[in-house]
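Engineer: model the structure of this input:
(one chain, ligands or ions: 1)
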Amino acid sequence: MTASSRAQSFDAAAEQYAANRPSYPAELFDHIEEFAGCRLAGARVADVGAGTGIATVLLRERGADVIAVEPGEAMAGVFHQALPGVPIVRGDGNALPLAGASCDLITYAQSWQWTDPGRSVPEALRVLRADGALAIWWNTTAFDVPWIREQHERIAHHCGAKPRSAVRPSDGDAIRLAGLTGLRVARRQVRWSRTVSLDTHLANIGSRSAFLVLEETDRRAFVVDERERLGRTFPGGKVEETYVVDLLVALRP
Ligand SMILES: C[S@@+](CC[C@H](N)C(=O)[O-])C[C@H]1O[C@@H](n2cnc3c(N)ncnc32)[C@H](O)[C@@H]1O
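Structural biologist: Down below sits the predicted model:
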């Protein structure tokens, strides 16, 4: 399975994605403002890999003037239905369809990993104003919660992937892995949780790219097994999902 087919897989489940994926905590945006040295209110922000608009909504609630960039047709379609007045252009982070020096902030919520930093970093620097910032983040696995760690291992096994290490990369490794070496980078982790129905939790899991590239029968087999297992762990039918948002904010050197 290529990275590119995973990057494009979201289009097959855009509505499922919008309805079930987790959002992001308010504190994340406080850290972005602090590290970027600018207020979101009134800032010109490009939200790249905007998907169905989960992060875009929050940026707009903070008063940002957002333009969204999204390669997927179906994801962009759901975005447009949810946020009809917000501009969205088709394109990707490796060749941003935006003018030079036109943005104060570029955000990538769970989408930076689909870019090639050898292209997406120079593109971000081209589009950012002189004192602009690039903010990238992910809702990552809370490995210290036993059922979440065990589920992570089951998912990796089912999808034929190596489970990720429970040890978080150091700041230096995280910066290097993201391809941000040479920039001034600040990192912050924010823990948060949400409580959702078992159905929402399973639909959230099923909207991950690792599942979207599986055959339907393989995907369904996991969900059936997981429903039974989690039904025993959460007999009330409510699941507390815990996340650790890993945020990197990069500035010009
Ligand atoms: C996990 S979703 C994140 C969507 C949204 N930002 C959110 O927070 O829910 C990843 C998104 O990245 C998009 N994507 C894939 N390849 C990309 C690329 N090269 N540049 C920018 N976005 C890309 C996908 O189409 C998808 O909408």
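Engineer: any idea how far whichever residue of the stretch 151-253 of the chain sits closest to the ligand is from residue 155?
Structural biologist: Closest contact between the stretch 151-253 of the chain and the ligand, by C-beta to the nearest ligand atom, is at residue 209 (7.1 Å). Any C-beta I mention is one placed from the backbone N, CA and C, and that applies to glycine too. From residue 209 across to residue 155, the span is 12 Å (C-beta to C-beta, to the nearest Å).
Engineer: other SSEs contacting the host helix or strand of residue 248?
Structural biologist: If you go by DSSP states H and E, residue 248 is part of strand 238-251. The contact analysis (3 or more C-beta pairs under 8 Å, 6 or more residues apart in numbering; DSSP states H and E) places strand 238-251 against helix 26-36, strand 128-141, helix 171-177, strand 184-197, helix 198-206.
Engineer: need the residues that contact the first one.
Structural biologist: This points to helix 26-36. Helix 26-36 is contacted from outside by 39-40, 58-59, 62, 104-105, 107, 132-133, 135, 137, 186, 188, 190, 192, 245, 247, 249, 251, using C-beta atoms under 8 Å, 6 or more residues apart in numbering.
Engineer: that one to strand 238-251, inter-axis angle?
Structural biologist: With axes from the mean of the first three to the mean of the last three C-alpha atoms, to 10 degrees defining the directions, helix 26-36 sits at 10 degrees from strand 238-251.
Engineer: any idea of the mean pLDDT for helix 26-36?
Structural biologist: Confidence over helix 26-36 (mean pLDDT, whole number) is 98.
Engineer: could you do the last one as well?
Structural biologist: Along helix 198-206, the predicted confidence averages to a pLDDT of 96.
Engineer: downstream of it, the next helix or strand is which one?
Structural biologist: Next along from helix 198-206, by DSSP H and E: helix 209-212.
Engineer: contacts for that next one, please.
Structural biologist: In this structure, residues lying in contact with helix 209-212 by C-beta under 8 Å, 6+ apart are 6-7, 9-10, 12-13, 155, 159, 161, 205-206, 219, 222.
Engineer: what do you get for stretch 215-223?
Structural biologist: With C-beta under 8 Å, 6+ apart as the test, stretch 215-223 has contacts from 154, 155, 158, 202, 205, 206, 211, 212.
Engineer: phi, psi of the residue nearest the centre of the chain?
Structural biologist: Of all residues in the chain, the one closest to the mean position by C-alpha atoms, centre = their mean is residue 110, 1.8 Å from it. Main-chain torsions, residue 110, degrees, to the nearest 10: phi 60, psi 30.
Engineer: burial count for the residue of the stretch 151-253 of the chain closest to the ligand?
Structural biologist: Residue 209: 19 surrounding residues under other C-beta atoms under 10 Å.
Engineer: likewise for residue 157?
Structural biologist: 12.
Engineer: so it, which state does it fall into?
Structural biologist: Three-state assignment for residue 157 (DSSP: H, G, I helix; E, B strand; the rest coil): helix.
Engineer: any regions of this protein where pLDDT drops low?
Structural biologist: Within the chain, the stretches with pLDDT under 70 are 1.
Engineer: quick check: residues of it near the ligand?
Structural biologist: 7, 10, 21, 48-51, 54-55, 70-72, 75, 92-94, 109-111, 114-115 (C-beta under 6 Å from any ligand atom).
Engineer: recalculate using a threshold of 8 Å.
Structural biologist: Proximity of the chain to the ligand, by C-beta under 8 Å from any ligand atom, involves residues 7-8, 10-11, 17, 21, 24, 47-56, 69-72, 75, 91-94, 108-112, 114-116, 120, 208-209.
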